[in-house]
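# A predicted structure for the sequence below; I have some questions about it.
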Amino acid sequence: MTRLTAAGSSGSQAAGALQRWSRRLFPAFATASLVTALLVITLGGVVRVTGSGLGCPDWPLCHGRLIPPPDVKAWIEYTHRLSASLASVFVVLMAVAGVGREGFRRGAVMPLVAPVLLAAQAGLGAITVRLEINAAVALTHTVVAMAFLALLAVIASGETPWRSAVGEPVQAALAGHPRGRRVRLTFMALAVVTYGLLISGAYVYRSGAPLACLGYPLCGAPPGTESARGLQDIHMLHRYVALATVLLTAHAMGVAWRLRLPTRHLIVLAGGISGLMALQVALGASNVLFRLPEWARLGHLVAASLAFALIVLTVGTVWRKPVLAEQPREASRAQA
């Protein structure tokens, strides 16, 4: 009986230690996952802009080798794969720490979904290489990548250092505010529309329509064949979604400004989003006016990803309850 009691006590101590370490490490893993995911997307943009998608024509090796040959495009593609591997490590560690901290409660669901999306993303990347950049698969690859980025941003929005620096002041200021619901719905709508902007932009590229319209802001191209007209419609649809995104961004900035909260964090977030959107529009126009220079194409993708991540971080921040409201729940868990 004494041995059983000692074994139970040791098991409880080990479980308690695991939970403590998981609580300490989870925020770092969540933040690292988001940062490395943005790095993967940026390097993916470099791969696309430089035409290095088939720099390594096989997967997971590169030209049948563990170390690529001395070829620039092969190394660009391989560096993208290495960054994806690094992100995978942090995502898996985040999921493990999430289970260690929460058990298999509802709070561990999102960290556990992240590796699933990551696996789907890796599988789509491999299929893209094997099918030699099939347009439909490549577009799906982008859809999943942006959903994965959004999930990581939501997770990171509830963890330090973001929560202590930004989340808690905003949440405390919005608690009980009569316009709090309007703020939440505005930024949620902005996230949805921006996601549509990213996907429509990827569709423009994958469908071969980046230069279907040679004017700005109007299409500026005379009607041609039916196929050319179809490409122009695809291109202009992206611009219409961009216009809706810009208008909604301006509305979000106005909503944040008129709240007159005791903290300026929300105004700073809205201002950062507005700045990135303005840069995004300028780079989009540059792609058309300067006929797709590499710097504009890459900058367009990076600015879009950063804006989307910041928007989702803001959504995750404004939808969370103030930390004081969550303390009783944490205390009950500790007692249990």
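Looks like it arrived, so ask away. Numbering: from 1, shown residues only.

# which residues touch Leu149?
By Cβ atoms under 8 Å, 6 or more residues apart in numbering, the contact set of Leu149 is Leu34, Ala37, Leu38, Ile41, Ser305, Phe308, Ala309, Val312. (C-beta placed from N, C-alpha, C; glycine too.)

# mind putting these in JSON lines, distance to Arg229 included?
Shown next, in JSON lines, are those (distance: Cβ to Cβ, whole Å):
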{"residue": "Leu34", "distance to Arg229": "41"}
{"residue": "Ala37", "distance to Arg229": "37"}
{"residue": "Leu38", "distance to Arg229": "37"}
{"residue": "Ile41", "distance to Arg229": "32"}
{"residue": "Ser305", "distance to Arg229": "31"}
{"residue": "Phe308", "distance to Arg229": "30"}
{"residue": "Ala309", "distance to Arg229": "35"}
{"residue": "Val312", "distance to Arg229": "35"}
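
# contacts for stretch 309-319?
Residues outside stretch 309-319 that contact it (Cβ under 8 Å, 6+ apart): 34, 38, 149-150, 153-158, 162-163, 166-167, 170-171, 174, 180, 183-184, 187-188, 190-191, 194, 266, 269-270, 272-273, 276.

# repeat for stretch 164-183
Residues contacting stretch 164-183 (Cβ under 8 Å, 6+ apart): 157-158, 255-256, 259, 261-263, 265-266, 269, 317-318, 320-325.

# between the two ends of that stretch, what distance do you get?
Criterion Cα to Cα, to the nearest Å; first-to-last residue distance in stretch 164-183 is 20 Å.

# list the buried residues of it.
By neighbour count with 16 or more other Cβ atoms under 10 Å, stretch 164-183 contains the buried residues Val166, Gly167, Glu168, Pro169, Val170, Gln171, Ala172, Ala173, Leu174, Gly180, Val183.

# so which of these comes closest to Leu292?
Val166 (36.2 Å; Cβ to Cβ).

# pLDDT on the host helix or strand of Leu149, on average?
Secondary structure assignment for Leu149, by DSSP states H and E: helix 135-157. Averaged across helix 135-157, pLDDT comes to 90.

# next helix or strand past that helix?
Downstream of helix 135-157 (by DSSP H and E), the next one is helix 162.

# what is the subsequent helix or strand relative to that next one?
helix 168-174.

# any idea of the mean pLDDT in that following helix?
92.

# beyond it, next helix or strand please.
Counting by DSSP H and E, the next helix or strand C-terminal to helix 168-174 is helix 180-206.

# give me the distance from that following helix to the chain's centre.
Its chain's C-alpha centre and that of helix 180-206 lie 12 Å apart, by Cα atoms, centre = their mean, to the nearest Å.

# quick one: average pLDDT of the helix or strand following it?
Counting by DSSP H and E, the element after helix 180-206 in chain order, helix or strand, is helix 226-259. For helix 226-259, mean pLDDT rounds to 92.

# okay, now the nearest residue to Gly220 once chain neighbours are set aside: neighbour count?
Once flanking residues are discounted, Gly220 sits nearest to Leu214: 5.2 Å by Cβ to Cβ, 6 or more residues apart in numbering. Leu214: 14 surrounding residues under other Cβ atoms under 10 Å.
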